[in-house]
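> After the sequence you'll find the predicted model.
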Amino acid sequence: MSLAGLAKSLHLKTVRLRLRPLAEGDTMEMARYLNDREVAEGLTYSPYPYTHDMAVAWLKDVAFASQQDRVLYWAITDGEMEKFMGIVGFSLYREHDKAEMHYWLGRPYWNCGYATEVAKALIPFIFAKVQIQRLEINHFTRNGASRRVIEKCGFVYEGELRAYVKRFGKYEDVKFYSLLKSEVKL
Ligand SMILES: CC(C)(COP(=O)(O)OP(=O)(O)OC[C@H]1O[C@@H](n2cnc3c(N)ncnc32)[C@H](O)[C@@H]1OP(=O)(O)O)[C@@H](O)C(=O)NCCC(=O)NCCS
């Protein structure tokens with residue numbers, strides 16, 4: 001199945017949450033949560049300030065990239081699918097059989113174990129559904145919350161690159177991790 005088909009068909013349930021395809025109706029909440037400096041501080045590429053037009057444009061870009069098998073993203077919602085809470089997804093590098101995982105949640109939903117719950121559900125899913133050998137993830141060294149999510153998911157630490165990116169005018173050290181297919185219980 002193509003990634004676009006997979007993203008559209010997927011409604012994944014975790015203990016407390018549901019993942020569903022992204023929808024145009026998510027853009028207001030997306031913009032509201034991403035226009036929060038504390039959320040933006042954890043992300044490498046998300047613009048800040050963040051406007052509704054940016055969310056609309058991003059959704060279009062994602063739909064296009066998803067058609068080309070380059071990304072796979074979902075909305076994270078509450079169990080009743082009433083509240084949009086954040087986004088989780090993967091960039092796919094098909095020629096290398098690898099993917100990179102991304103996630104963010106609106107600030108009201110932090111520190112409830114949600115990112116860990118979503119990541120733990122999606123890791124076996126991506127290895128089972130998409131032909132990948134390696135799943136990678138990274139975080140700014142100062143991002144303690146993301147580090148904990150990554151640790152709780154069992155990623156293997158691979159090292160740190162110093163001044164790897166520049167964000168808000170500051171050079172950021174970045175820590176890198178991965179999981180190989182043989183290390184995941186499917
Ligand atoms: C990173 C993020 C997704 C985590 O989501 P979350 O749902 O709050 O994560 P969880 O609740 O599953 O786990 C968070 C863990 O980090 C810990 N934590 C929170 N803030 C921390 C900090 N400043 N330093 C160290 N640990 C911290 C929590 O105590 C928890 O660990 P514990 O279960 O051992 O107590 C969320 O903070 C976020 O969206 N941040 C902005 C965007 C971002 O950074 N995305 C990731 C890019 S790599």
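The structure has been received and is ready for your questions.

> quick one: low-confidence ranges for the protein?
For the chain, applying pLDDT under 70 flags the ranges 1-5, 7-8.

> cutoff 80 now
Scanning the chain for pLDDT under 80 picks out 1-10.

> Okay, strands next: where are they in it?
12-13, 17-21, 71-78, 84-93, 98-105, 134-140, 156-167, 170-180 (DSSP state E).

> could I get the ones you listed as CSV with distance to the ligand and mean neighbour count?
C-beta: built from backbone N, CA, C; applies to glycine. CSV is the format used below for the strands of the chain (distance: least, CB to the nearest ligand atom, whole Å; neighbours: other CB atoms under 10 Å):
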stretch, distance to the ligand, mean neighbour count
strand 12-13, 16, 13
strand 17-21, 10, 20
strand 71-78, 9, 21
strand 84-93, 6, 22
strand 98-105, 4, 21
strand 134-140, 4, 20
strand 156-167, 11, 12
strand 170-180, 9, 16
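
> I'd like the ones you listed laid out as CSV, including distance to residue 30.
Shown next, in CSV, are the strands of the chain (distance: least, CB to CB, whole Å):
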stretch, distance to residue 30
strand 12-13, 19
strand 17-21, 14
strand 71-78, 9
strand 84-93, 7
strand 98-105, 10
strand 134-140, 21
strand 156-167, 20
strand 170-180, 23
